[in-house]
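[1] what's the 3D shape of this:
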Amino acid sequence: MVVNEMMQINNDSLNQSSLVQYHDDDSEFHWNVMDIVESVVSPVIVIVGLIGNALGAATLLRVAGLRYRGIGHLLVAICVSDTIFLGSLLPMWLGSRYGRDYDLYNSDGWCELLSLTTMSSNFLSTWFTVALGVERYGAVRHCRHHVLTVNGRGARANAKTTKTYYGPTRTRVAIIALTVLAIVVFVNMVVNIGAIKDPNGVTHCVPLQPAVDAMHVLNKIDLVVNVIAPNFIIIGLYTATGVRLTAYHCRRSRAIILLAPPRPTRVDDRASFLIEIRLTKTALLLSIVVLLLSVPSHAARTAYVVVEIFRLPVPVPIGSIALQLVIRKLFYASFAVPFFVVVASHYRIRRSLAMSLQLALESVWKRLQVACRFSCDRQRSSASIHSAVV
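    Got it, this is the predicted structure:
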């Protein structure tokens, strides 16, 4: 019976691990399969996610179309927060697979640190995704205004149009504000968590006894703030964005049918508007993928809270160990996919990143050639000096 509810939720995406779990997978074959999945899938997800998110954090702002837009900074923020989350999972997995010698999570100090990083990065990743939807909604709603600010000509054309609604400056302020909020909130929660020895002398990272009831309450608050509200906000934002884009295309179609084409705009404005639409599609695809991977975890967590509130029996499928394992891996995968979704959904980003990678490899190759040439020249010079002395 585990008391560590809040950390179990944020680290494993499951709620109320203290509830009865029905071991319906009694077959040795099933247990072996689950052991293989646990030992292979988790490190693959973590390592692939760390590599992808690290590449995203290092390269996305090098793409010219993202550098001067808020979406670029938000994508980097998502990659960084997901990297922190996956990096925090790695020592937990090592401890669960290779014993107490590698179990940093259940040791004093590391317990508090890893709890802080997993809970805060989970919160930040969720709300950065919400902020991404807000930024895209604002970019589409005020697209022409947004375009003038991005391409830099608005400052020379009209001083009143230099202030953007969701440009890089305000986006960075929002990122910093959310980060500070997460640190303040979760630091106050982590002080009530510690590594405690059970009667058998085994150390567990659990809420301290005076804070157990408070953690139960915070669990329900976190369900609303970090699961239910963000999902509804994201769905509402992209629905409103889709309605605006549909209305825009309908007006253009009616104008063409009535042989009264809309007022012509500059070619650059038209091209920039199409870029905003493509970036919005990329953000929408990213949000859909993350939501789909997280939905099983969110549904299970909500079900457990409902079961606890109304004191209902735990349904056998929800209590299944195999199902919980699948839900947990899907939840972990939601932190590993952002960079790959962005790269797969936008050909210009792919081309820009491919060119950056090509230039980096060429630079490394040239440096290796210079180093080899320098080493060969040095060996020749030393050999000539040696022969002259002899």
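
[2] all strands for this structure, in order.
    193-197, 203-207 (DSSP state E).

[3] Any buried residues in the last one, and which?
    Applying a neighbour-count criterion of 16 or more other CB atoms under 10 Å, the buried positions in strand 203-207 are 203, 205-207. All C-beta atoms are positioned from the backbone trio N, CA, C, and that covers glycine.

[4] coming back round to it: reformat the strands of the chain as JSON lines; add mean pLDDT.
    Below are the strands of the chain laid out as JSON lines (pLDDT from 0 to 100):
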{"stretch": "strand 193-197", "mean pLDDT": "86"}
{"stretch": "strand 203-207", "mean pLDDT": "84"}
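
[5] Dump the ones you listed to JSON lines, plus distance to Ile321.
    JSON lines is the format used below for these (distance: least, CB to CB, whole Å):
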{"stretch": "strand 193-197", "distance to Ile321": "25"}
{"stretch": "strand 203-207", "distance to Ile321": "20"}
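
[6] Of all those strands, which one is nearest His249?
    strand 193-197 (51.8 Å; CB to CB).

[7] who touches that closest one?
    6-7, 106-109, 111-112, 115, 203-208, 211 (CB atoms under 8 Å, 6 or more residues apart in numbering).

[8] and with 6 Å instead?
    Outside of strand 193-197, the residues within contact range by CB atoms under 6 Å, 6 or more residues apart in numbering are 106-108, 111-112, 115, 203, 205-208.

[9] partners of it, with directions?
    For strand 193-197, the paired strands and their directions (DSSP bridges) are strand 203-207 (antiparallel).

[10] can you give me how far the strand it pairs with is from the chain middle?
    Relative to its chain's centre, strand 203-207 lies at 27 Å (CA atoms, centre = their mean, to the nearest Å).

[11] and if you look at stretch 291-309?
    For stretch 291-309, the distance to the chain centre is 19 Å (CA atoms, centre = their mean).

[12] Buried ones in that stretch, by neighbour count?
    291, 293-294, 296-298, 300-301, 303-305, 307-308.

[13] JSON lines for these, including distance to His216?
    Supplementary listing: the buried residues of stretch 291-309 in JSON lines, determined by distance: CB to CB, whole Å:
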{"residue": "Leu291", "distance to His216": "27"}
{"residue": "Leu293", "distance to His216": "27"}
{"residue": "Ser294", "distance to His216": "23"}
{"residue": "Pro296", "distance to His216": "23"}
{"residue": "Ser297", "distance to His216": "19"}
{"residue": "His298", "distance to His216": "19"}
{"residue": "Ala300", "distance to His216": "17"}
{"residue": "Arg301", "distance to His216": "14"}
{"residue": "Ala303", "distance to His216": "16"}
{"residue": "Tyr304", "distance to His216": "12"}
{"residue": "Val305", "distance to His216": "10"}
{"residue": "Val307", "distance to His216": "13"}
{"residue": "Glu308", "distance to His216": "8"}
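
[14] residues contacting Phe340?
    So Phe340 contacts Gly52 (CB under 6 Å, 6+ apart).

[15] Use 7 as the first number for this chain going forward.
    Understood, numbering begins at 7; the last thing we discussed is Phe346.

[16] Could I get the pLDDT score of it?
    At Phe346, the model reports a pLDDT of 92.

[17] which residues does the residue nearest the centre of the chain contact?
    Centroid-nearest residue in the chain: Asp88, 3.9 Å away (criterion: CA atoms, centre = their mean). By CB under 6 Å, 6+ apart, Asp88 lies in contact with 59, 131, 341.

[18] Let me know how buried the second one is, in neighbour terms.
    Spelled out, that is Ser131. Neighbour count of Ser131, defined by other CB atoms under 10 Å: 24.

[19] can you check the last one too?
    Other residues within reach of Phe341, judged by other CB under 10 Å, total 27.

[20] Got the phi and psi for it?
    phi -90, psi -10 (degrees, to the nearest 10).

[21] contacting residues for it?
    Phe341 neighbours (CB under 6 Å, 6+ apart): 55, 88, 91-92.

[22] any chance of those in a markdown table, with pLDDT and distance to Arg373 too?
    Formatted as a markdown table, the contacts of Phe341 follow (pLDDT from 0 to 100; distance: CB to CB, whole Å):
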| residue | pLDDT | distance to Arg373 |
| --- | --- | --- |
| Gly55 | 94 | 29 |
| Asp88 | 96 | 31 |
| Phe91 | 95 | 34 |
| Leu92 | 94 | 31 |
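
[23] and which of these is nearest Ala366?
    Gly55 (21.3 Å).

[24] Do I have it right that the closest one meets Phe91?
    No: assessed by CB atoms under 6 Å, Gly55 is found out of contact with Phe91, at 8.7 Å.

[25] What is the burial count for Ile181?
    22.

[26] Looking at the buried residues of stretch 297-315, which are in helices?
    Of those, the ones assigned to helices by DSSP state H are 297, 299-300, 302-304, 306-307, 309-311, 313-314.

[27] now, which of these sits nearest Val376?
    For these, the nearest to Val376 is Leu299 (45.4 Å; CB to CB).

[28] what's near enough to touch Arg356?
    So Arg356 contacts Val349 (CB under 6 Å, 6+ apart).

[29] do that again at 8 Å, thanks
    349-350 are the contacts of Arg356 under CB under 8 Å, 6+ apart.

[30] where's it relative to Arg103, distance?
    36 Å (CB to CB, to the nearest Å).

[31] do Tyr310 as well
    26 Å.

[32] And Ser381, by the same measure?
    Taking CB to CB, one finds Ser381 at 43 Å from Arg103.

[33] Repeat that for Val136.
    From Val136 to Arg103 the distance is 34 Å (CB to CB).
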